[in-house]
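Peer 1: Return atomic coordinates for the entry below.
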Amino acid sequence: MITDVKAGRAGARAPTPSSAAGLAGVAVPELHESHESRRLFLQQAVTCSTVLPVLVGLTGPAWGANANPPATTGPRVVRSFNDAYLELVRLLREACEVEHVLMLQYLYAGFSLTPAYRTLAGSGTPGADTLLGVAVQEMQHLASVNHLLVLLGAAPNLLSAEFPYEPQIYPFEFNLEPLSPRSLSKYIYAEAPIGFFDGPRSPADAQFADSVLAMIGPKRRPNHVGSLYNALIALVGEVSRRPGMPKLDAWLAKLEAIKAEGEKEHFIFFKNVFLAHHPAFDGHRDAWQLAPTDPAYPAYAVPVNPTAYVGHENEILNPDLRALAWLADLHYWTALLLLDLHFRSGDDMPRSLALAHMSGPLLSLGRHLPILGGGLPFDPLNFGSAPALDMVGSRRLIASLVRESMELAKAMAPALPADYPAGVAETTLVALSDNRQIAARAP
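Peer 2: Now for the predicted structure:
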């Protein structure tokens with residue numbers, strides 16, 4: 001037993017900053033738009049009072065599966081700043097948070113799968129044919145957006161979210177939950193090409209869309225992740241024409257590729273999983289119709305939004321599971337701080353160390369916890385992802401986290417999974433003690 005290992009580490013989750021600072025703009029329907037569009041706009045204005053959402057209708061009246069949303073060209077991200085540079089930085093930070101929490105949701109869902117569906121979970125190789133593969137691609141998107149932030153002279157954003165979490169630029173509340181038709185329906189809707197659920201469709205696509213919307217229920221909102229990238233692409237074009245700005249032409253293609261990867265590859269992948277067409281189902285088209293408690297159901301009955309913080313509403317009560325989850329958090333936080341160090345310095349060493357923690361201890365614990373009835377909580381670090389004043393301070397903080405994980409792993413060695421790679425933490429500690437200085441990236 002490891003009952004006392006986590007004792008004394010009680011803490012409350014730090015409140016997550018609002019996704020949108022200040023007052024956001026709202027798109028007033030054009031005169032040629034339908035009466036229904038104007039009615040919805042007025043309802044949204046009344047409902048939201050003076051602080052309006054970033055996206056049109058995002059927190060306004062819900063459109064149910066059987067309702068008829070107004071005919072538009074798709075969701076529109078509304079500018080908060082007249083200055084294109086400020087607006088681009090604002091939306092890039094939003095994109096960081098969206099990509100981060102998408103990654104965490106997909107990881108949690110992938111870890112929830114039973115051994116019979118290990119091929120659907122994947123091994124962590126990037127690709128659009130497994131859940132972990134898609135999660136890694138979201139991680140790559142997160143890296144790309146942070147690189148662009150740094151290129152523009154802004155700080156990287158690796159803030160993690162407290163679950164449940166509802167940023168304003170996303171169609172659903174974020175939740176860490178096991179894979180199911182309901183969670184898949186949200187992933188499908190988020191990644192869908194703009195207009196897929198509201199435009200003309202083939203009979204087969206119409207039946208699929210109706211099934212997804214019925215699973216979502218009446219809380220559907222008119223937004224997809226692609227709408228955010230449409231706004232980013234337009235702003236990059238606007239900022240790139242300014243004197244003194246870095247060359248951004250190549251970023252237009254990169255952002256288009258990220259958008260296409262979601263709207264095509266990820267959307268098709270989640271569609272096939274929802275319909276049980278993925279090869280991992282091996283012809284068992286009725287897998288999702290089984291009761292979640294059935295041994296043949298694809299996912300373990302893991303908790304929703306667990307936390308290793310003592311005293312939180314969703315605290316993991318089993319002390320052994322909480323200790324394992326806390327150890328996983330330590331590796332997750334170590335990876336985030338290493339990535340922040342990488343983005344700020346341009347040095348590849350911290351990035352390599354971060355990947356080792358994610359593909360080693362974090363992957364091992366993420367797969368092990370659901371077998372025991374738990375889940376990897378991906379708790380937010382209550383002093384943020386960039387808590388140090390300089391590179392020396394960052395290395396000191398990361399080293400402290402690593403030593404904490406090493407001490408905890410040693411204390412609970414009998415409970416660790418057989419494939420837990422203890423040497424990863426030792427390697428990181430040695431690398432961080434290197435006298436070689438990591439200087440901040442020059443502006």
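Peer 1: List the buried residues in stretch 150-160.
Peer 2: Val150, Leu152, Ala154, Pro156, Asn157, Leu158, Leu159, Ser160 (16 or more other C-beta atoms under 10 Å). Every residue, glycine included, has its C-beta placed from N, CA and C.
Peer 1: Point out the ones among the residues you listed that are inside strands.
Peer 2: Applying DSSP state E to these, no entry is found in strands.
Peer 1: Keep only those of these that are in helices.
Peer 2: If you go by DSSP state H, the buried residues of stretch 150-160 have Val150 in helices.
Peer 1: Just flag the most distant two among the buried residues of stretch 150-160.
Peer 2: Largest separation among the buried residues of stretch 150-160 by C-beta to C-beta: Leu152 and Ser160, giving 22.3 Å.
Peer 1: The buried residues of stretch 150-160 into TSV, with extra columns for pLDDT and distance to Ala95?
Peer 2: Output for these, formatted as TSV (pLDDT from 0 to 100; distance: C-beta to C-beta, whole Å):
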residue	pLDDT	distance to Ala95
Val150	96	14
Leu152	96	13
Ala154	95	12
Pro156	94	12
Asn157	93	9
Leu158	91	13
Leu159	82	12
Ser160	76	15
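Peer 1: ok, of the buried residues of stretch 150-160, which one's closest to Trp251?
Peer 2: Trp251 lies nearest to Leu152 out of the buried residues of stretch 150-160, by C-beta to C-beta, at 9.8 Å.
Peer 1: The host helix or strand of Ala214: which residues count as buried?
Peer 2: Using DSSP states H and E, Ala214 sits in helix 203-216. Neighbour-count burial for helix 203-216 flags Phe208, Ala209, Ser211, Val212, Leu213, Met215, Ile216 (criterion: 16+ other C-beta under 10 Å).
Peer 1: quick one: which of those is nearest to Gly195?
Peer 2: Distance to Gly195, by C-beta to C-beta, is smallest for Ala209 among these, at 11.1 Å.
Peer 1: now for the helix or strand encompassing Arg182, which elements pack on it?
Peer 2: Assigned by DSSP H and E, Arg182 falls within helix 181-191. Counting contacts by 3 or more C-beta pairs under 8 Å, 6 or more residues apart in numbering; DSSP states H and E, helix 181-191 is packed against helix 84-111, helix 203-216, helix 267-274.
Peer 1: Report the angle between the next helix or strand after the helix holding Ala214 and helix 84-111.
Peer 2: Next along the chain after helix 203-216, taking DSSP H and E as the criterion, comes helix 225-240. Interaxial angle of helix 225-240 relative to helix 84-111 (axes from the mean of the first three to the mean of the last three C-alpha atoms, to 10 degrees): 150 degrees.
Peer 1: Find the nearest non-adjacent residue to Leu429, please.
Peer 2: Sequence neighbours aside, Val402 is the residue nearest to Leu429 in space, at 5.0 Å (criterion: C-beta to C-beta, 6 or more residues apart in numbering).
Peer 1: Work out the gap between stretch 185-201 and the centre of the chain.
Peer 2: 19 Å (C-alpha atoms, centre = their mean, to the nearest Å).
Peer 1: how close does the spatially most central residue of the chain sit to Asn382?
Peer 2: Against the mean C-alpha coordinate of the chain, by C-alpha atoms, centre = their mean, the closest residue is Val101 at 1.7 Å. For Val101, the distance to Asn382 equals 17 Å [C-beta to C-beta, to the nearest Å].
Peer 1: and if you look at Lys247?
Peer 2: In this view, Lys247 and Asn382 are 39 Å apart by C-beta to C-beta.
Peer 1: Looking at those two now, which is surrounded by more residues?
Peer 2: Asn382 (14 against 8; other C-beta atoms under 10 Å).
Peer 1: pretty sure Tyr309 is touching Asp379, no?
Peer 2: Yes - between Tyr309 and Asp379 there is a contact under C-beta atoms under 8 Å: 6.0 Å.
Peer 1: Which residues does the helix holding Ala214 contact?
Peer 2: 64-65, 181-182, 185-186, 188-189, 196-197, 201, 220, 271, 274-275 (C-beta atoms under 8 Å, 6 or more residues apart in numbering).
Peer 1: ok, now with 6 Å
Peer 2: Ala65, Pro181, Arg182, Ser185, Ile188, Phe197 (C-beta atoms under 6 Å, 6 or more residues apart in numbering).
Peer 1: Skipping its backbone neighbours, what lies nearest the second one in space?
Peer 2: For Pro181, ignoring the flanking residues on the chain, the nearest one in space by C-beta to C-beta, 6+ apart is Trp288 at 4.9 Å.
Peer 1: do the same with the fourth one
Peer 2: Beyond its immediate neighbours in the sequence, the residue positioned closest to Ser185 (C-beta to C-beta, 6+ apart) is Met215, lying 3.9 Å away.
Peer 1: repeat for the fifth one
Peer 2: Taking C-beta to C-beta, 6+ apart as the measure, Ile188 lies nearest to Phe270, with 4.7 Å between them; neighbours along the chain are not counted.
Peer 1: Give me the contacts around stretch 137-149.
Peer 2: 92, 95-96, 99-100, 102-103, 126, 156, 251, 254, 258, 343.
Peer 1: circling back to that earlier point, ok, the contacts of helix 203-216 vs Ala425, which is closest?
Peer 2: Arg182 (36.9 Å).
Peer 1: Tell me the predicted confidence for the closest residue to the closest one other than its chain neighbours.
Peer 2: Residue nearest to Arg182 in three dimensions, not counting chain neighbours: Met215, with 5.5 Å by C-beta to C-beta, 6+ apart. The model reports Met215 with a pLDDT of 90.
Peer 1: thinking again about what came up before, buried residues in the helix holding Arg182?
Peer 2: Quick answer for helix 181-191 (16+ other C-beta under 10 Å): Pro181, Ser183, Leu184, Ser185, Lys186, Tyr187, Ile188, Tyr189, Ala190, Glu191.
Peer 1: so the fifth one makes contact with Phe174?
Peer 2: Put plainly, it is Lys186. No - Lys186 is beyond contact range of Phe174, at 9.3 Å (criterion: C-beta atoms under 6 Å).
Peer 1: Mind telling me what element Leu429 is part of?
Peer 2: Here Leu429 is assigned to helix 423-432, by DSSP H and E.
Peer 1: Which stretches in this structure count as strands?
Peer 2: Under DSSP E, the chain gives no strands.
Peer 1: residue ranges with poor pLDDT in it?
Peer 2: Along the chain, segments meeting pLDDT under 70 span 1-76, 161, 163-171, 219-223, 435-443.
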